[in-house]
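1. Let's see this in three dimensions:
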Amino acid sequence: MNRSITDDISAISRINAVPAILRVISETTGLRFAAVARVTEDSWTACAVLDRTNFGLQVGGELDVTTTLCHEIRASHETIIISKVSEDGRYCNHHTPKMYGFESYISTPVFRTDGSFFGTVCALDPLPANLSEMPILPMMESFAKLLAIQLEAEEQFEATEAALLDAQQTAELREQFIALLGHDLRNPLSSILSGAQLLMRRTKDASITGIAEHMLTATRRASRLVDDVLDFARGRLGNGIPLQNRECKDLHVTLTHIVSEMHSANPQRAIEADIAPLDGVRCDADRVAQLLSNLLANALVHGSTDGRVQVRAVIEKGWLLLSVNNQGEPIPPERLDHLFQPYWREPSSSQSGLGLGLYIANEIARSHGGSMRAESTAEAGTTFVFSMPTEARAL
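-> Here you go, the predicted model:
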């Protein structure tokens, strides 16, 4: 993975243990400057710093790597420990201590978990310190390994977070495109619908009126699909289904009309309705009607062809309860949780359509501050229940 120095500084800064590690190193060794450094062939960069000597180096500060002992550590992969430079045969004449003015020094290489070299954890002081009589080396090596593990965890988290953000942005762009496409499709569909209606008014030719009726049916179906796509996009983009709430004194009339329409379109099916007066409900009547239409369409498609579909609507204890029941094979419990997901169908289903009806019904329920639930047994059939407070609390 190609990472910049800035990425590495950011990763180290997110490791909560780093400040504590530097304090422990400083207090254990007596060295008043401690740091975690990113070391490459060309640069030495401070990623974390504890400075009690006014050394003047801050996070992000850079040194010429050839002037540091970390340049040698990068090559040798070994820890350097110096208690007193002026008495150390190897380093007493070395240019680095002279340039930076330190007497005591320790630096341990930090390797990533894949074995590649990251940098060093180091400490120094202008005063000498007895580093040989304490278990300094095992401590420094343990801290180096801990840093490597934490660094790996941070980088994996960062990669996962970036992938999720990219996926989210891609999904949002896709859904915005769908919404715009659906909106732009409405104008030509409206023109086709108007043209078909005009043909039917101006001709008595059976062949032409037949074509016009087919155009009307296809255009209305396409319009419903476009509306479903738009509602789906709104829900997925987090805006929710838009509502125009008002006091609905005739909601029971609206719902009864939906049942009548569905029965006219499916005269061979038995649809029973028990819709009580629904006074005092504040909601978007058109959206609740859409919800019922979607539930009825689902019941007619998936229910037993010789079984009844029952609709019930009532107000109980300040809640509107609207249910649709159909007979047929029960839905397994493990599938009930998937019913309100977009594009979901029964695995054995061969029905056409987008598979958005129940998802949109659920979004309409949520927008009203209500909810949808599904129950399914062999004895009682499958029932979808919409419940909402009579004073709609839009989300």
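
2. where exactly do the strands run in the stretch 151-300 of the chain?
-> Remark: strands assigned in the stretch 151-300 of the chain by DSSP state E, counting those that start in this stretch are 246-248, 271-275, 281-283.

3. Which one of those strands lies nearest to residue 207?
-> strand 271-275 (34.2 Å; C-beta to C-beta). Quick note: C-beta positions are derived from backbone N, CA and C, even for glycine.

4. Quick check: mean pLDDT of the closest one?
-> For strand 271-275, mean pLDDT rounds to 94.

5. Could you give the separation of it from the chain centroid?
-> Centroid displacement of strand 271-275 relative to its chain, using C-alpha atoms, centre = their mean, to the nearest Å, is 41 Å.

6. and it, which residues are buried?
-> 271, 273, 275 (16 or more other C-beta atoms under 10 Å).

7. My understanding was that the last one contacts residue 252; is that so?
-> Read that as residue 275. Yes: counting by C-beta atoms under 8 Å, residue 252 is a contact partner of residue 275 at 5.0 Å.

8. shared neighbours of the two, anything?
-> Counting by C-beta atoms under 8 Å, 6 or more residues apart in numbering, the shared contacts of residue 275 and residue 252 are residue 313.

9. Tell me the secondary structure of residue 119, please.
-> strand (DSSP: H, G, I helix; E, B strand; the rest coil).

10. Retrieve the pLDDT associated with it.
-> At residue 119, pLDDT is 94.

11. again, but for the one 4 residues further on
-> Here the pLDDT value assigned to residue 123 is 95.

12. follow-up on the earlier one: turn the strands of the stretch 151-300 of the chain into JSON lines, including distance to residue 207.
-> Converted to JSON lines, these look like this (distance: least, C-beta to C-beta, whole Å):
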{"stretch": "strand 246-248", "distance to residue 207": "44"}
{"stretch": "strand 271-275", "distance to residue 207": "34"}
{"stretch": "strand 281-283", "distance to residue 207": "45"}
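
13. Indicate which one of those is closest to residue 99.
-> Judging the strands of the stretch 151-300 of the chain by C-beta to C-beta, what sits closest to residue 99 is strand 281-283, at 77.8 Å.

14. Could you pull out the helices in the stretch 251-395 of the chain for me?
-> Listed in chain order, the helices of the stretch 251-395 of the chain (DSSP state H, counting those that start in this stretch) span residues 251-265, 285-302, 333-336, 357-367.

15. Kindly report the same for the stretch 1-150 of the chain.
-> 5-13, 17-29, 70-76, 95-100, 136-202.

16. which one of these lies closest to residue 334?
-> Of the helices of the stretch 1-150 of the chain, nearest to residue 334 by C-beta to C-beta is helix 136-202, at 26.1 Å.

17. so what does the closest one touch, helix or strand wise?
-> Applying 3 or more C-beta pairs under 8 Å, 6 or more residues apart in numbering; DSSP states H and E, we find helix 136-202 packed against helix 5-13, helix 17-29, strand 104-111, strand 117-125, helix 206-236.
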